[in-house]
Structure formats: structure tokens, C-alpha cells
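[1] Fold the stuff below for me.
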Amino acid sequence: MASIISITLKGIFRDRIFQGIMALAVLFLFIPSAASLSMRQVTELSITLSLSLISFIQLLLAVFLGATAIWKDIERRYTSSVLSLPLSRTTYLVGRFCGIALFLLFTALFLGSVSLLVIKASSTMYPPSRPLHWSAITAAIFFDALKYIIVVAVAMLMATVSTSFFLPIFGAVSTFLAGTITQQVYDYLQTPSAQKAISEVVRNAAQIVYYLLPNLSGFDLKVHAIYSIPLNTSGLLLTALYFVAYTAIMLAIAAILFERRELK
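    Okay, the predicted model is just below:
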């Protein structure tokens, strides 16, 4: 599996994806100037813009790398030569996933380091009204990366049954959008007004969808980072366990489907 992970990482760097990320990182240099327009909440706006930019870049990487990794290998017939070796399809799939996940973590580390420097510069030029909670900012970057690793797992699951990259791409984007609001919808369905206005059949169906889709709102710690809210350690631990469990389930289903797929 280590060789598959290495090949995946080399392929990503060979496609000059990281060079593109470095080019986008130049946008971080404009964040202090843009945040200064806020006048009163310069540091808070710098944190918001930095985390949002990291999140946007990670989303693009997660969707396109997760959706095209397996599809591209099948189209170029790389899988025929690779799977002819004493290597199972499950090992190949998990190796591909781990390579992309490591790249996302590396990207989060690189962009996170740049954003911390930008936030530090903004806070030096415009001292905030409340002390910065650096651990919350770091945790927000890390858990944001975990969120997009789940998106990669979903995209690769769809790629194992799709003959084109359209289903994995649009499926991953749709899952991401739905996963960010599932908790809010679930909370609303528990209110008395929703129980009166919405039929029980619809509420039960919505609850099933709630448990099937990833709950990505738990990985969003931007509010804690922006307003220096103390982190809940037990909540973070549960979120990490949820990440491990959901990712493992997605990969297990993907491995079963990929083992049964006929490759030309």
C-alpha cells in the first residue's frame, strides 16, 4: 500500500497541483488590506477570510482529486497493469485514498501556516478587542481538512460505480452542500412547530437521510476561531471518532463495489 500512496502523491505533484495552490496562496497577502476595511473587526475578518480561502481550496482539491483518481486510472488503463501485480483492489483503493488524504493534510499544513502568519500580522497592526485563541484557529484548520477527507471518501465511493467523472464530482458537491445543513434541518424537525406543519412520513424520511449523509457541521470550528470561544475537548474527540467511523464505512462500501466491478 505504501507504494500506491507514494505513486498517488507523486502523480499529484507531477500534475503541478501544488504549484497551483502556491499561486492561490498569494491571495493571503491581500487579506490584511481587505480586512482593514472593516475598521473595528480587522483581526476577526482576517480569520474569517483566511479560513474561508483554505476551505474553498480544500473543497476544490477534495472534489476533483477524489472524483478523478480512480476514473482516470481506469480510462488510461493503469489499473490493468497495477492490479496484475499481487495487489488486491481494496489495497489499491485504500492506497489511493490515503495518498489524497495525506496531500489534503499537507495542503492544510501549508495554507494554515500562511494564514497564521497573516492573522498574526493583522493582529499586530490592528490589536483585537479580545485575545486570539490560537489553538482554536489551528483546530479549525485541522478539522476542516478532516471534513474534506470525508468528501474524498464519498467521491471515491461514487467513482467505483461510475463510468464517468460527472457523477463523482456532482455527487461529492451535492453531498458536501447537504452535509453542511443536515444538523440544522434535523434540529428544526424536532421543534413543535415543525412537528405540526410537517407530516410524520416526511420527518421520518428526513431523519433517515440525516443519518445517511455526513454531518459536516460538527467539523466547522470557524466561530470558535473568530470569537476566541474555548474548545470542547470531548466534543472534538467525538467528532474525530465520527470521522474515523464514517470514513471507514464509506471505504468499506467502496471496496466491496470496486471488487465486484468489471474492468476493461
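[2] which non-adjacent residue is nearest residue 49?
    residue 31 (4.8 Å; Cβ to Cβ, 6 or more residues apart in numbering). No exception for glycine: its C-beta is placed from N, CA and C like everyone else's.
[3] Provide the secondary structure category for that neighbour.
    Under DSSP: H, G, I helix; E, B strand; the rest coil, the three-state class of residue 31 is helix.
[4] List the residues that contact it.
    46, 49-50, 53, 118, 122 (Cβ atoms under 8 Å, 6 or more residues apart in numbering).
[5] and those, which two are the farthest apart?
    53 and 122 (13.8 Å; Cβ to Cβ).
[6] Which of these two has more residues huddled nearby?
    Neighbour tally, residue 53 and residue 122, criterion other Cβ atoms under 10 Å: the higher count belongs to residue 122, 25 against 19.
[7] so that one touches residue 34, yeah?
    No: with contact defined as Cβ atoms under 8 Å, residue 122 does not reach residue 34; the gap is 10.1 Å.
[8] Would you mark the buried spots in stretch 119-134?
    119, 122-123, 126, 128, 132-133 (16 or more other Cβ atoms under 10 Å).
[9] what's the span of it, first residue to last?
    Using Cα to Cα, to the nearest Å, one end of stretch 119-134 lies 10 Å from the other.
[10] Could you pull up the mean pLDDT of it?
    Averaging pLDDT along stretch 119-134 yields 85.
[11] what's the burial count for residue 113?
    Residue 113, neighbours per other Cβ under 10 Å, totals 12.
[12] So which residues of the stretch 101-250 of the chain form helices?
    Taking DSSP state H, counting those that start in this stretch, the helices of the stretch 101-250 of the chain run over residues 134-159, 166-179, 182-189, 192-197, 200-212, 222-226, 233-260.
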